[in-house]
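Novice: Sharing a sequence plus its predicted fold:
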Number of protein chains: 2
Amino acid sequence: MSFEEFQLKNLQTPALILDEAKMMRNIRRLASQVDSLGVSLRPHLKTVKSIEVARRLLTDGTGPATVSTLIEAEVFAGAGIKDVIYAVGITPQKLDRVADIRSKGCDLAVILDSVAQAQAVADASARLGLAIPALIELDCDGHRSGVAPGDPILLEIGRVLDEGAAELRGVLTHAGESYEIEGRHGHKMFADRERDAAVQSAKALRDAGMPSPVVSIGSTPTAHSARNLDGVTEVRAGVYAFFDLVQAGIGVCDLDNIALSVLTTVIGHQREKGWIIVDAGWMALSQDRGTSNQRLDQGYGVVCDEAGQVIPDLIVIKANQEHGIIALRPGSKGQLQALPLGTRLRILPNHACAMAAQFTQYNVIPADQEAGLHAWPRFGGW
Amino acid sequence: MSFEEFQLKNLQTPALILDEAKMMRNIRRLASQVDSLGVSLRPHLKTVKSIEVARRLLTDGTGPATVSTLIEAEVFAGAGIKDVIYAVGITPQKLDRVADIRSKGCDLAVILDSVAQAQAVADASARLGLAIPALIELDCDGHRSGVAPGDPILLEIGRVLDEGAAELRGVLTHAGESYEIEGRHGHKMFADRERDAAVQSAKALRDAGMPSPVVSIGSTPTAHSARNLDGVTEVRAGVYAFFDLVQAGIGVCDLDNIALSVLTTVIGHQREKGWIIVDAGWMALSQDRGTSNQRLDQGYGVVCDEAGQVIPDLIVIKANQEHGIIALRPGSKGQLQALPLGTRLRILPNHACAMAAQFTQYNVIPADQEAGLHAWPRFGGW
């Protein structure tokens, strides 16, 4: 039994495991790629929700960073991160809380895609006596929110911010659709779409006499595949620190790069059905089925042994609340191992954000193999 | 604006809302049904994970209860609940923790379906000098775990427990497949299968000279539809306190009985697509798609106004991490309401266990309408 296995043996299951060495490799890979493009990297902290991981993601520990909730902004501001974009469309009801975070020394910016939101931000800025910075969200790929490139509403929103008491900070877009296609060629095409939408919209604002100091793009697939980001100032990405089966399925990483897993224990068998039952159900694995439409459907997760080595052909085929059912992958000609009662296994996530969200603690296998397993807290909520 | 709406206005979104009056009606309905069958009710606390709700579910506050994790057993034992079944197959590694909970005055029983588990329980009982009670899990419907009715392994498992240092407490089964069919007739058929499997297995144990004081069956659909439970001693059910769209879809409750919802705020629109974007994504709603195979697919949830009135034809069609997309139900001929920026809505859950698990607090609309909105903590983990 290795030192690592010995330490994992002491954990009650299910438990969330983070392989720090793999994570650091993932972090260095994207930092180097983005650096080579001459832009800055603004990691999205929604995946990790951990001060310890954030410190490793942010070069100097103070930012820039992206968040998806105001509780993230509050926690990370409290930990000394000073440059944050809250990258979910703002509502009027949240502006007092935004102002409160700003008043504590964190340069928190919001995003929006409507005149109504811009007016709310301008009004709150006037009322509170501080200029809340806002970026205009662009829709580069029809994925979700944002102003369509070329829509004249962009300038109208810009003017409400720029002429009101708010601050027009720039433009931002996210190619969420890049997760749906496989291969670097497609991801590079989406990176170009992000860049073109953002750069052209920033130019439209500037041509109309307005500022756009920030030109922000990004998603994990496009960030890894971009080759030319002229005119862009920063790239955002989040899930890359951990990676997952969805990213592996579209070719952004390999299975061996996935730094996150759930440790689980075999609790039973239905031998005539070829089922191995474990104590990680969807409460631990999440219900994410992000690989269901990929070329290789990974069920509720790929199965590894306790040391993290993939067991070929085994996936979690079904997940109830506290039960996972492991079986041979449909169509597999492999042999089902015995895996007796009490065997420890690790399950790789379809989606790291979703799996991590089911836990309040990372059990970290440290990059320094001589150091002991240690715990990093993670938080949730809004 | 009603008093209730006024209070909800003060909540940051997304937030979990619990309607206490509806919950109490659901609790009374099943208590009365089970009482009329002459058996006792052992509510499953995995859905609620809240001491306040457990107090309302358990007639005298001390049990009997069912749990799905040892952390539930620990928290509820600490709150004075003294009769608990941990209804997920036991592993050897968890037996010290079981013994620890028992030593604090909680009669915690485990379940198992193999000789290896029975041997582990008998060995731990001998080693620790206390008889750990175990029920033998039966597979009445091919759903997941359990000994098939009539399998002679039942007696072998019974003997390992009964002749060893453990305690053979009885038999237990759960018709998980009853969630897959619609209508009382089918649910009653599954209730009969639960009863027959449990009663026959208890008889087989007794005929072989072994005890089976507990004959435990149950699921929310079967508990509500059973008509004759002769030979059964207790019924288990969990999600009925809150109910959800899955249960409504199979006819166990009406939409109006659903006591749980997520309060959310409109953060944007994509008008040409007919999309209303809200700040409740899957991080708040969960990724449960339990209605996807039902006659009426409810997407990621049915949409209500802030007061909880269903808005016909609107569902959450898509959920990203912190964004929900509301649109007309596919095929609907209804009209999309304007629902401007900042509008508050409530989303009903596909699966109450999954939605509740995304939050650490219930915001309770009290049954006493004069009382203020109040907060009940809920816990998670293992």
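Specialist: Yep, that arrived.

Novice: How far does stretch A:374-382 stretch from one end to the other?
Specialist: Terminal residues of stretch A:374-382 are spaced 26 Å apart (C-alpha to C-alpha, to the nearest Å).

Novice: swap in stretch A:288-297?
Specialist: Span of stretch A:288-297 from end to end, C-alpha to C-alpha: 12 Å.

Novice: Other residues contacting stretch A:274-283?
Specialist: A:13-14, A:262, A:264-270, A:300, A:316, A:319-328, A:336, A:339, A:345, A:347, A:358, B:68, B:88-89, B:91, B:144-145, B:354, B:357, B:380 (C-beta atoms under 8 Å, 6 or more residues apart in numbering or on different chains). (Each C-beta comes from the backbone N, C-alpha and C, glycine too.)

Novice: got any ranges where chain A has weak pLDDT?
Specialist: A:1-6 (pLDDT under 70).

Novice: and the residue nearest to A:Thr264 when sequence neighbours are not counted, how far is that from B:Ala338?
Specialist: Nearest residue to A:Thr264 in three dimensions, chain neighbours excluded: A:Ala280, at 3.7 Å (C-beta to C-beta, 6 or more residues apart in numbering or on different chains). Here A:Ala280 is placed at a distance of 44 Å from B:Ala338 (C-beta to C-beta, to the nearest Å).

Novice: what about the two, which has more around it?
Specialist: Counted by other C-beta atoms under 10 Å in any protein chain shown, A:Ala280 and B:Ala338 do not tie: A:Ala280 has more neighbours, with 30 against 10.

Novice: Is the more buried one in a helix, a strand, or coil?
Specialist: On the three-state scheme (DSSP: H, G, I helix; E, B strand; the rest coil), A:Ala280 is labelled coil.

Novice: got the residues of the stretch 251-382 of chain A near chain B?
Specialist: A:265-270, A:277, A:279, A:282-284, A:286-289, A:320-323, A:325, A:340-342, A:353-354, A:357-360, A:380-382 (C-beta under 8 Å from any C-beta of the partner chain).

Novice: Now list the buried members of those.
Specialist: Neighbour-count burial (16 or more other C-beta atoms under 10 Å in any protein chain shown) is assigned, among those, to A:265-270, A:277, A:279, A:282-284, A:286-289, A:320-323, A:325, A:341, A:353-354, A:357-360, A:380-382.

Novice: so of those residues, which ones are in strands?
Specialist: Counting by DSSP state E, those place A:265-270, A:277, A:325 in strands.

Novice: Pick the one among those residues closest to B:Gln200.
Specialist: Of all these, A:Gln270 has the smallest distance to B:Gln200: 19.8 Å, by C-beta to C-beta.

Novice: Would you agree the closest one is in contact with B:His143?
Specialist: No. Using C-beta atoms under 8 Å, A:Gln270 is not in contact with B:His143; the gap is 10.1 Å.

Novice: tell me the helices in chain A, going along the chain?
Specialist: Taking DSSP state H, the helices of chain A run over residues A:3-9, A:20-36, A:51-57, A:70-78, A:95-103, A:115-128, A:153-163, A:184-207, A:220-225, A:245-249, A:282-285, A:352-356.

Novice: I'd like these as a markdown table, with distance to B:Val215 appended.
Specialist: Below are the helices of chain A laid out as a markdown table (distance: least, C-beta to C-beta, whole Å):
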| stretch | distance to B:Val215 |
| --- | --- |
| helix A:3-9 | 37 |
| helix A:20-36 | 50 |
| helix A:51-57 | 49 |
| helix A:70-78 | 47 |
| helix A:95-103 | 54 |
| helix A:115-128 | 60 |
| helix A:153-163 | 66 |
| helix A:184-207 | 58 |
| helix A:220-225 | 53 |
| helix A:245-249 | 43 |
| helix A:282-285 | 28 |
| helix A:352-356 | 38 |
